[in-house]
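K.L.:
mind looking at a prediction? Sequence and model below.
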Amino acid sequence: MILSDRDLSQIDADYLDKLPETRLRTLSKDLLADLKTARERLNQSPATSSRPPGFVAKFTRLR
C-alpha cells in the first residue's frame, strides 16, 4: 500500500479542492494503485493465494 491509514484520514473534499492539478494527478494514481491492491487481496482464495495448498488460518478453522 502506498498511502497509510493516517494519510487517508486526512483526505477530504476540501483537501482535494486545494491541491494543484499535478499533485492531484499523483494522488489519484496512488489511490488507484492502493485500490487495485486491496481488491486483489479481497478476491484471493486458497486457489489464487501464494500460501501453501494445505494452509488455512487458525481463525478460519474455528468456525
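P.N.:
That came through fine. Residues are numbered from 1 along each chain as shown.
K.L.:
centre of the chain to the helix or strand residue 36 falls within, how far?
P.N.:
Using DSSP states H and E, residue 36 falls within helix 21-42. Mean C-alpha position of helix 21-42 versus that of the full chain (C-alpha atoms, centre = their mean, to the nearest Å) differs by 8 Å.
K.L.:
in that helix, what's buried?
P.N.:
27, 34 (16 or more other C-beta atoms under 10 Å). (Each C-beta comes from the backbone N, C-alpha and C, glycine too.)
K.L.:
mind checking pLDDT for residue 42?
P.N.:
As predicted, residue 42 sits at a pLDDT of 89.
K.L.:
please report the distance of it from residue 28.
P.N.:
Distance, residue 42 to residue 28, by C-beta to C-beta, to the nearest Å: 21 Å.
K.L.:
do the same with residue 4
P.N.:
Counting by C-beta to C-beta, the gap from residue 4 to residue 28 is 17 Å.
K.L.:
again, but for residue 40
P.N.:
Distance, residue 40 to residue 28, by C-beta to C-beta: 19 Å.
K.L.:
and residue 36, by the same measure?
P.N.:
13 Å.
K.L.:
ditto for residue 44
P.N.:
The spacing between residue 44 and residue 28, counted by C-beta to C-beta, is 25 Å.
K.L.:
try residue 47
P.N.:
Following C-beta to C-beta, the distance that separates residue 47 from residue 28 is 32 Å.
K.L.:
ok, now residue 17?
P.N.:
Applying C-beta to C-beta to residue 17 and residue 28 gives a distance of 14 Å.
K.L.:
what's the answer for residue 1, then?
P.N.:
Residue 1 is 16 Å from residue 28, by C-beta to C-beta.
K.L.:
list the contacts for the residue nearest to residue 38 when sequence neighbours are not counted?
P.N.:
Once flanking residues are discounted, residue 38 sits nearest to residue 1: 7.7 Å by C-beta to C-beta, 6 or more residues apart in numbering. Residue 1 sits next to 34, 37, 38 when contact means C-beta atoms under 8 Å, 6 or more residues apart in numbering.
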